[in-house]
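1. After the sequence you'll find the predicted model.
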Amino acid sequence: MTLLLIWLINSVALMAVAWLLPSIRIADFTTALVAALVLGLVNAFIRPLLVLLTLPVTVLTLGLFIFVINGLLFWFVGSFIRGFVVEGFWSGVIGAILYSLISWLLSALVSGRS
């Protein structure tokens, strides 16, 4: 049940990001559900591998390279899901930041803690 709630929260957060940024578009809520699921899977399986492989660069940039990784993965997911469009790298970076902030905020509101 909790996993389903997190998935719905992430889908709503993705719709909010598309509403806030004109360079990110989502066709409908079903597309947002699919994109949120794929983003979750990518962040669970591919992101840790990329973080491990780019650890020296991440350490040299004091962790800022994580933003690059998150933006690239957000952009990557937008490149192959029909109806989910991320227009470029910087849109991906800003979208990933907003997506994580909105997801965190909605999760805190739903669970009642921060």
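-> The structure has been received and is ready for your questions.

2. May I ask you to name the longest helix in this structure?
-> Longest helix in the chain, counting residues (DSSP state H): helix 29-53.

3. buried stuff in the helix or strand just after that helix?
-> Sequence-wise, the next helix or strand downstream of helix 29-53 (DSSP states H and E) is helix 55-60. Within helix 55-60, the residues scored as buried using 16 or more other Cβ atoms under 10 Å are residue 58. Just so you know, the C-beta spots here come from the backbone N, C-alpha and C atoms, and that holds for glycine as well.

4. Need the pLDDT of the one residue sitting closest to the centre of the chain.
-> In the chain, the centroid-proximal residue (Cα atoms, centre = their mean) is residue 96; its distance is 4.5 Å. Note on residue 96: pLDDT of 97.

5. for the one 3 residues further on, same thing?
-> With respect to pLDDT, residue 99 has a value of 98.

6. can you list contacts of the strand or helix carrying the residue nearest to the centre of the chain?
-> Assigned by DSSP H and E, residue 96 belongs to helix 89-111. Helix 89-111 is contacted by residues 5-6, 9-10, 12-14, 16-17, 20-21, 23-24, 39, 67-68, 70-76, 78, 86, 114 when judged by Cβ atoms under 8 Å, 6 or more residues apart in numbering.

7. Just the buried ones among those residues, please.
-> Applying 16+ other Cβ under 10 Å to these, the neighbour count classes 6, 9-10, 12-14, 16-17, 21, 24, 39, 68, 70-76, 78, 86 as buried.

8. Show me these that map onto strands.
-> Among those, the ones falling in strands (DSSP state E) are 24, 86.

9. The longest helix of the chain - contacts with which helices or strands?
-> Applying 3 or more Cβ pairs under 8 Å, 6 or more residues apart in numbering; DSSP states H and E, we find helix 29-53 packed against helix 2-20, helix 65-80, strand 84-86.

10. So which residues make contact with the longest one?
-> Yep, that's helix 2-20 we're talking about. Counting by Cβ under 8 Å, 6+ apart, 24-26, 29, 32-33, 35-37, 39-40, 95, 98-99, 102-103, 106-107, 110 sit against helix 2-20.
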